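Enquirer: dropping the sequence and predicted coords here.
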Amino acid sequence: MTRRPPAMRRTTRRPRRRRSSDNQIAVLAVVAIAVFGIVVTVVNWLVAHWWVLILLAVGAVLGGIGWWQRARQRMQWEQARARALRYGLTQLDALSHRQFEHAVRDLMHRDGCKDAVQVGGQGDLGADVKATDPQGRRWVIQCKHRRQGERGAAVGTPELQVLNGTGRPVHKADVVVMVTNGRITQPGRTFARQQRLHLVDRHLLATWAAGSRPLWELLAALPPPRKPSPLS
């Protein structure tokens, strides 16, 4: 009679991945207990030394006051610098077209348009500078810089037609302005008058950039203010 070999016992082994997961849980539990113990210790220490909390609070308040004072001082310096901003025509002629746009933006900011921004570039749809004046009117300005100043090419009706087609319908402007350090043709002036566009040619630009008066005091037939203002 032939004997069968004894059956092999199966040994159950836990997968390595399961053991690794258990180890990670154990480590996390130890870390959590340690962190909790540290937090409890710190809280107990602060309760016993409550005066430290008062010192920290006083330090935070003093630091906040110091930061606010420095920020206010920087703002006052910026406002003073903006009020002192002046340009001569020679300076404006020497600028690049993009620099000229930034100069116009800075002049609007100097006059009180806190949100004045340069937006000119590819796809600007006729707007180089946008701003809101202290009376709440929205301005859209197109800039035409001429390196040769008054001897450069004059701004004519075609450029004004582009501005007229986008200033109010697209940009929702209350005041639409063409600014140039050069000349504007007579047909262009006639078109601007018919379409309620405002023109700042070389001579008016010189007055404005000199800083004597804000632009809205130099232009005629502006729309009424949208809101009362201390400057109105």
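Expert: Alright, I've got the coordinates.

Enquirer: contacts, neighbours, all on C-alpha from now
Expert: Fine.

Enquirer: how about the helices in the protein?
Expert: For the chain, the helices defined by DSSP state H occupy 16-48, 50-83, 89-93, 97-110, 157-167, 186-194, 202-210, 215-218.

Enquirer: between these, which one is nearest to residue 130?
Expert: Closest of the helices of the chain to residue 130 is helix 97-110, at 7.8 Å (criterion: Cα to Cα).

Enquirer: now that closest one, how far from the chain's geometric center?
Expert: 15 Å (Cα atoms, centre = their mean, to the nearest Å).

Enquirer: which strands and helices sit next to it?
Expert: Helices and strands touching helix 97-110, by 3 or more Cα pairs under 8 Å, 6 or more residues apart in numbering; DSSP states H and E, are helix 50-83, strand 117-118, strand 129-132, strand 138-144.

Enquirer: quick check: buried residues in that helix?
Expert: Using 16 or more other Cα atoms under 10 Å as the test for burial, helix 97-110 gives 97, 100, 101, 102, 103, 104, 105, 106, 107, 108, 109, 110.

Enquirer: kindly report the same for stretch 159-176.
Expert: Within stretch 159-176, the residues scored as buried using 16+ other Cα under 10 Å are 160, 161, 163, 164, 166, 167, 168, 171, 173, 174, 175, 176.

Enquirer: and stretch 213-228, by the same measure?
Expert: Per 16+ other Cα under 10 Å, stretch 213-228 contains these buried residues: 214, 215, 222.

Enquirer: could you report the pLDDT at the second one?
Expert: This means residue 215. Per-residue pLDDT puts residue 215 at 96.

Enquirer: ok, it - contacts?
Expert: Residues near residue 215 by Cα atoms under 8 Å, 6 or more residues apart in numbering: 108, 111, 208.

Enquirer: and the gap between residue 104 and residue 58?
Expert: Residue 104 sits 46 Å away from residue 58, going by Cα to Cα, to the nearest Å.

Enquirer: need the helices of the chain in JSON lines (columns: distance to residue 130).
Expert: Output for the helices of the chain, formatted as JSON lines (distance: least, Cα to Cα, whole Å):
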{"stretch": "helix 16-48", "distance to residue 130": "54"}
{"stretch": "helix 50-83", "distance to residue 130": "17"}
{"stretch": "helix 89-93", "distance to residue 130": "19"}
{"stretch": "helix 97-110", "distance to residue 130": "8"}
{"stretch": "helix 157-167", "distance to residue 130": "10"}
{"stretch": "helix 186-194", "distance to residue 130": "19"}
{"stretch": "helix 202-210", "distance to residue 130": "17"}
{"stretch": "helix 215-218", "distance to residue 130": "14"}
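
Enquirer: comparing those helices by mean pLDDT, which bottoms out?
Expert: Across the helices of the chain, helix 50-83 has the smallest mean pLDDT, namely a mean of 70.

Enquirer: mean neighbour count, the helices of the chain: which tops it?
Expert: Mean neighbour count, computed with mean count of other Cα atoms under 10 Å, is highest for helix 97-110 among the helices of the chain, reaching a mean of 21.

Enquirer: got the angle for that one vs helix 202-210?
Expert: Interaxial angle, helix 97-110 versus helix 202-210 (axes from the mean of the first three to the mean of the last three Cα atoms, to 10 degrees): 60 degrees.

Enquirer: so helix 97-110 versus strand 138-144, what angle?
Expert: Comparing the axes of helix 97-110 and strand 138-144 via the same axes, to 10 degrees yields an angle of 150 degrees.
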